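Student: below are the sequence and a predicted model for it; my questions follow.
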Amino acid sequence: MRKRRAAIAVLGATAMAVSVAACGSSGSKSDKASGPGDFKGKTLTVWVMSGSNPPGWTKDITAAFEKKYPGAKLSVQVQQWGGIQQKLTTALSENNPPDVVEVGNTQTPYYAATGGLMDLTGDKADLGGKDWSPALNASAVYQGKQFAAPWYFSNRVVVYNKKIWADAGIKDTPKTQDEFFKDLDTIKAKGTQDALYAPGQDWYSFDGFLLDAGADLVKKNGDNYVSNLDSPQAAEAINLYKKLNSYGTAPKDKDEATPQQSDVFAKGDVGAFIGFGWEAAGAIAKNPQLKDQIGYFPIPGKPVGKPAKVFLGGSNLAIAQAGKNPELAKDFLKLALSDQFEGALAKEGGVIPNKTSLNSNLTGNPFATAASAAAVGGGTTPLIPAWGNVENKPNPISTIFMTGVLQGQDPSAAAKQADAEIDKRLSQKQ
Amino acid sequence: MGAQSTGTATEPRPPSASTPPTPPPPAGRKRSAGGLAARGAPYLLILPALVATAALLAYPLLRNLVISFQNLNAFQLIQHTTEWTGFGNYTDQLTSSVFWHTTFRSVLFTAANVALIMATGTLVGLLLNRLGKRMRLFLSLALILAWAMPMVAGTTVYQWLFDSQYGVVNWGLAKLGWHSMAGFNWFGGQFSTFSVITLMIVWQSVPFVALNLYAGLTTIAAELFEAARMDGATAWRTFRSVTFPILKPFFLSTAFLEIIWVFKAFTQVYALNAGGPAGTTQTLPVYAFVEGVGNQHYGVGAAISTLTILILLALMSYYFRIILKQEDDL
Amino acid sequence: MRRSLLGRFWPNAVAVLLFVFFVFPVYWMATTAFKPDIDIISKTPDFIPFHGTFAHFDKAVHAAGFWELVRNSFTVALGAVLLSLAIALLASFALARMRFRGRKAFVLVVMVAQMAPWEVMTISVYMIVRDQDQLNSLIPLTLFYMMMVLPFTIWTLRGFIAAVPKELEESALVDGCTRTQAFIRVVFPLLAPGLMATSLFGFITAWNEFPLVLILNKQSGQTLPLWLTQFQTNFGDDWGATMAASTLFTIPVVIVFLILQRKAVGGLTAGAVKG
């Protein structure tokens, strides 16, 4: 099954305090000191998701790893998104699983709960954990234990076509939501059919607006979590999204990948869309004329100068519990999360690194700069194991609630329908 | 090897002395007086097929049945633990209105599709028989291409063709003067989604029926058609009194295969709209997949698939009887 | 004459319409593969790619491990087809030519086997293969694909064998052949079209299979259907490359079909007719 974008997960704005500061040296790494001979014939298998590892970074880290641990081989295997969940679950059940796996942040609590991931609590300090941004690390912690390490993050911004905005006489990027709407009105009045292209099922964007309205996708009801779409905040967020959708011809029942919104934007007649830097790069690849025409700004919030909260996606690195090379796997994690390689990944991939001290690597990348401005206030989907069920296709948030409201249903009525399905999925036995 | 043989459930019964190899009525079969070897021969011949079926199909089905009595999710799979739930998965399904709606929908969906496929396939097959040589090759080629196109590509292309904004279909309808169809959302409603799915399944399945029917028609002696025409029979009459009776076994077994294929059709339904909008186009296999594999509740999925097999068996029992009766006539 | 000009006109007109109906999606796939990205999504469809490009094909063919996947796909599909033909030939001969106790039960087994819901059985198949330590191998894949096509193969071959007049075989027996010799010399050559027709069906099935190979062979032993989906990624679906890959993926099937065409189309029914 295809879990698009599931990987891009999240960080709890609710800074779940990571209790285990540093119980660092558990003395478990005995096999390392005993010399290079130990690594002979060992191959460390690392699963990364398609698109996560830039070529330069991959080449460099492979060389560095194999130099540092002579005799060992590093095999970075790129995984496709189609059916990744089944692949990961089955792989973790095998005798010979991949040693290190990339897990989307929204999926991490789910896999932590299955017991398939190794407890890294004792290694957190060695991995540089004391400097990780708490919000970015939240998804890697389950029941107080560290089951993964935060790797990289990203969030959506407004990507706009400078030429269309300038032609409409707009000089500055909007600083508030009201200004944003006014600008879109102006552009539309100038005859641009798609002032904004906001497809109706881009539910991660919707989640951002929901967070911005001050609510989460679930709420606690006794000991259980239940869906929270039938709430004033969700109604506010979806009405806002409906308004954004009405600024263009984007379909109400498709997500941002069908068709790829960057392909639509590449045609050059779309004022703006809400998306990522790689989408803008995709548009430029298809239409090189856009090269100097694309600008970015954080999604404006209501108060002046404060960006709206966004859904913060990202990935963690975890070690398979049943892996055959646990120490070597930790060594790899240490290398990948070192300032050198974490910084290189941020720089080459344009993603937000796990430590704010490494943000300097984003200089000169206009998308990442705009994104990191909003990332501070980013949030995630609920960090509970059962959440993965909700995102399974067909996702009730996008297919029932969003499309329902955008096609004219009353928010509360659509929410009740979606809530029923979400509650069913949240209460499924694990 | 993938599996080991489990049971002897399908093992052939040893030939018993009470059933001598009776030659069938159309006499003149000169079989050498049946020695033990001759009587054992048929069992030796079907043995490999039986062993393969036992090991590679019966055993996985049995495992599937066992799983259906378990609470088997990602956790249990990864931890290699077993949690029994008795008939829990079954009672959950049998008392769920979703399950029964889905079953009902699946049956209707199968009936409509198979009827369309058989009717269209037959007409196209008859047409092939009537066309000139060159035109026939031309149309056969199109049929073959449609049949050979991988499903992944087929579903993607259909999604595009029916895309509300960029789809050729809406563009064409608008061009033909049906302006309200510009921007029409095919995947927004149950009926229109089913229409697209049906169109696609018919498109994929008709070649099989049509090409084989044509091949069958070529085996009917031309004199029979000639005679019918001399009698002044209409095309419909000719079909009813000549073609259909002769090709009846063909229609029976093709319809049998199509019912199974359409009922089991998964990729087309799932890939086009994932059973949406809001689950209103979910069929049983899609439901089993979404619950079992998608949500990683393998026990639930196994229970649904077991129920699916039972339902299919019940639906086909009529067919089994007809086909088994044919066996008697052999 | 009853066949007037009009009478000849309408079948051809209908044939042309049908041709368009059946060929258009295939045509759309192939032309999309040649279109530059910017033309793939377009509000006014681009029916003929004047500015064709081979970039998508280039990308598809240069995907990591492409040739290994091609090799694996052919190995598995051909292996499954040949195995199932061999097994089915024996069984269908017994079904078509012999009367024996349990025959009907066997027919029933074959019919029920045809119904197996493979898509939802993947997890039990997976657990069996995993527990036998046979993951990432082509052998279990070949065996299970063989099983997927075996019932159909038996079913159709049985028809073909039944269609070979018994008299031919019998005269061979009279001439002093053993039953085996008679089969090999007389029946087998006449079965060629049937064997081809059935193997084509088996080939398409095995060639296209996705859910099982996805979870059985995660580290090695992968096949082309996995390659087909790899151009749809988290970072944008490359439709041009997907369509180019699909086009390449279709070609072997079409070639096999065109080679077998004359003999193959014929067969399935020949069997069923006499069934």
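Tutor: Right, received. Where do you want to start?
Student: what about the residue of the stretch 301-430 of chain A found nearest chain C, distance to residue A:379?
Tutor: Here the stretch 301-430 of chain A gets closest to chain C at one residue, residue A:313, 9.6 Å apart by CB to the nearest CB. To be clear about C-beta, it is placed using only N, CA and C from the backbone, and glycine gets the same treatment. According to CB to CB, to the nearest Å, residue A:313 stands 11 Å off from residue A:379.
Student: give me the phi and psi for the residue of the stretch 301-430 of chain A closest to chain C.
Tutor: As for residue A:313, its main-chain torsions (degrees, to the nearest 10) stand at phi -90, psi 160.
Student: ok, it to residue A:107 distance?
Tutor: Applying CB to CB, the value for residue A:313 to residue A:107 is 11 Å.
Student: more crowded one of these two?
Tutor: Neighbour count, other CB atoms under 10 Å in any protein chain shown: between residue A:313 and residue A:107, residue A:313 has more, with 28 against 25.
Student: show me what the more buried one bridges to in the sheet.
Tutor: Assessed by DSSP bridges, residue A:313 has beta-bridge partners residue A:154.
Student: so it is in contact with residue A:153, correct?
Tutor: Yes. The criterion here is CB atoms under 8 Å, and residue A:313 meets it with residue A:153 at 6.7 Å.
Student: so how many other residues sit close to residue B:287?
Tutor: Counted with other CB under 10 Å, residues neighbouring residue B:287 total 26.
Student: list the contacts of it.
Tutor: Residues in contact with residue B:287 (CB atoms under 8 Å, 6 or more residues apart in numbering or on different chains) are B:98-99, B:102, B:275, B:304.
Student: A helix includes it, no?
Tutor: Yes. Assessed by DSSP: H, G, I helix; E, B strand; the rest coil, residue B:287 belongs to a helix.
Student: quick one: it and residue B:66, what's the gap?
Tutor: Here the criterion is CB to CB. By it, residue B:287 lies 21 Å from residue B:66.
Student: same deal with residue A:86?
Tutor: When residue A:86 is compared with residue B:66 (using CB to CB), they lie 20 Å apart.
Student: ok, residue B:127 next?
Tutor: Residue B:127 is 50 Å from residue B:66, where distance means CB to CB.
Student: any idea how the chain splits into domains?
Tutor: Using chain A. A:30-153+A:312-364, A:157-310+A:383-426 (automatic domain parsing).
Student: hmm, no, I was thinking of chain C.
Tutor: Domains of chain C are assigned by automatic domain parsing as C:1-53, C:65-274.
Student: the closest residue to chain C within chain A in helix, strand or coil?
Tutor: Distance from chain C to each residue of chain A (CB to the nearest CB) is smallest for residue A:51, at 3.8 Å. Reducing the assignment at residue A:51 to three states with three-state DSSP gives coil.
Student: can you give me the neighbour number for it?
Tutor: A count of nearby residues for residue A:51, using other CB under 10 Å, gives 15.
Student: got it, and residue C:67?
Tutor: Count around residue C:67 with other CB under 10 Å applied: 8.
Student: tell me which residues touch it, please.
Tutor: For residue C:67, no residue meets the contact criterion (CB under 8 Å, 6+ apart).
Student: how close does it get to residue A:80?
Tutor: Applying CB to CB, the value for residue C:67 to residue A:80 is 18 Å.
Student: next: residue C:209.
Tutor: As judged by CB to CB, residue C:209 and residue A:80 stand 16 Å apart.
Student: same question, residue A:217
Tutor: 27 Å.
Student: again with residue A:73
Tutor: As judged by CB to CB, residue A:73 and residue A:80 stand 23 Å apart.
Student: please say which of these two ends up with more neighbours.
Tutor: Neighbour tally, residue A:73 and residue A:80, criterion other CB under 10 Å: the higher count belongs to residue A:80, 19 against 14.
Student: can you pull the contacts of the spatially closest residue to that one that is not a sequence neighbour?
Tutor: Counting by CB to CB, 6 or more residues apart in numbering or on different chains, residue A:80 lies nearest to residue C:230, which is 4.7 Å off, once chain neighbours are set aside. The neighbours of residue C:230, taking CB under 8 Å, 6+ apart as the test, are A:50, A:80, A:82, C:63.
Student: point out the least confident one among the residues you listed.
Tutor: Within the contacts of residue C:230, residue A:82 has the lowest pLDDT, namely 74.
Student: quick one: the strands in chain C?
Tutor: Under the criterion DSSP state E, chain C contains strands at C:232-233, C:236-237.
Student: how close does residue B:50 get to residue C:82?
Tutor: From residue B:50 across to residue C:82, the span is 19 Å (CB to CB).
Student: who's more crowded, those two?
Tutor: Here residue B:50 and residue C:82 are compared on neighbour count by other CB under 10 Å; more neighbours surround residue B:50, at 21 against 14.
Student: ok so the more buried one is a strand residue?
Tutor: No. Counting by three-state DSSP, one finds residue B:50 to be helix, located in no strand.
Student: distance check, it against residue C:102.
Tutor: With distances taken as CB to CB, residue B:50 is found 10 Å from residue C:102.
Student: just say which of the domains of chain C is most tucked in.
Tutor: Most buried of those, by mean neighbour count (mean count of other CB atoms under 10 Å in any protein chain shown): domain C:65-274, with a mean of 21.
Student: give me the mean pLDDT for that one.
Tutor: 85.
Student: do stretch B:127-140 as well
Tutor: 88.
Student: what residues of that stretch count as buried?
Tutor: Neighbour counts over stretch B:127-140 (16 or more other CB atoms under 10 Å in any protein chain shown) mark B:127-131, B:135-136, B:138-140 as buried.
Student: next, give me the two most distant ones among the residues you listed.
Tutor: Using CB to CB, these span at most 14.6 Å, a distance reached by B:129 and B:138.
Student: ok so, going back, could you pick out the buried ones from the contacts of residue C:230?
Tutor: Buried members of these, counted by 16+ other CB under 10 Å: A:50, A:80, A:82.
Student: wait, the second one touches residue C:228, no?
Tutor: No. In this structure, residue A:80 is not within contact of residue C:228 by CB under 8 Å, at 10.1 Å.
Student: could you name every residue contacting both of these two?
Tutor: Residues touching both residue A:80 and residue C:228 (CB under 8 Å, 6+ apart): none.
Student: where does the residue nearest the centre of chain B land in three-state SS?
Tutor: Closest residue to the average C-alpha location of chain B: residue B:261 at 1.5 Å, with CA atoms, centre = their mean. At residue B:261, secondary structure determined by three-state DSSP is helix.
Student: please report how far it lies from residue B:290.
Tutor: Distance from residue B:261 to residue B:290, counting by CB to CB: 20 Å.
Student: burial count for the closest residue to chain C within the stretch 201-330 of chain B?
Tutor: At 3.6 Å from chain C, residue B:216 is the closest residue in the stretch 201-330 of chain B, using CB to the nearest CB. Residue B:216: 25 surrounding residues under other CB under 10 Å.
Student: what does residue A:201 give?
Tutor: So residue A:201, with other CB under 10 Å, has 25 neighbours.
Student: ok, now residue B:319?
Tutor: Using other CB under 10 Å, residue B:319 has 16 neighbouring residues.
Student: contact partners for residue C:28?
Tutor: Contacts of residue C:28 (CB under 8 Å, 6+ apart): B:157, B:160-161, B:168.
Student: which residue ranges of the stretch 301-430 of chain A form strands?
Tutor: A:312-319, A:352-353 (DSSP state E, counting those that start in this stretch).
Student: what separation do you get for residue B:321 and residue B:86?
Tutor: From residue B:321 to residue B:86 the distance is 34 Å (CB to CB).
Student: mind listing what's buried in stretch A:126-140?
Tutor: A:126-129, A:132-133, A:135-140.
Student: switch the residues you listed over to JSON lines; also include secondary structure.
Tutor: As requested, these are exported to JSON lines (three-state DSSP):
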{"residue": "A:126", "secondary structure": "coil"}
{"residue": "A:127", "secondary structure": "coil"}
{"residue": "A:128", "secondary structure": "coil"}
{"residue": "A:129", "secondary structure": "helix"}
{"residue": "A:132", "secondary structure": "coil"}
{"residue": "A:133", "secondary structure": "coil"}
{"residue": "A:135", "secondary structure": "helix"}
{"residue": "A:136", "secondary structure": "helix"}
{"residue": "A:137", "secondary structure": "helix"}
{"residue": "A:138", "secondary structure": "helix"}
{"residue": "A:139", "secondary structure": "helix"}
{"residue": "A:140", "secondary structure": "helix"}
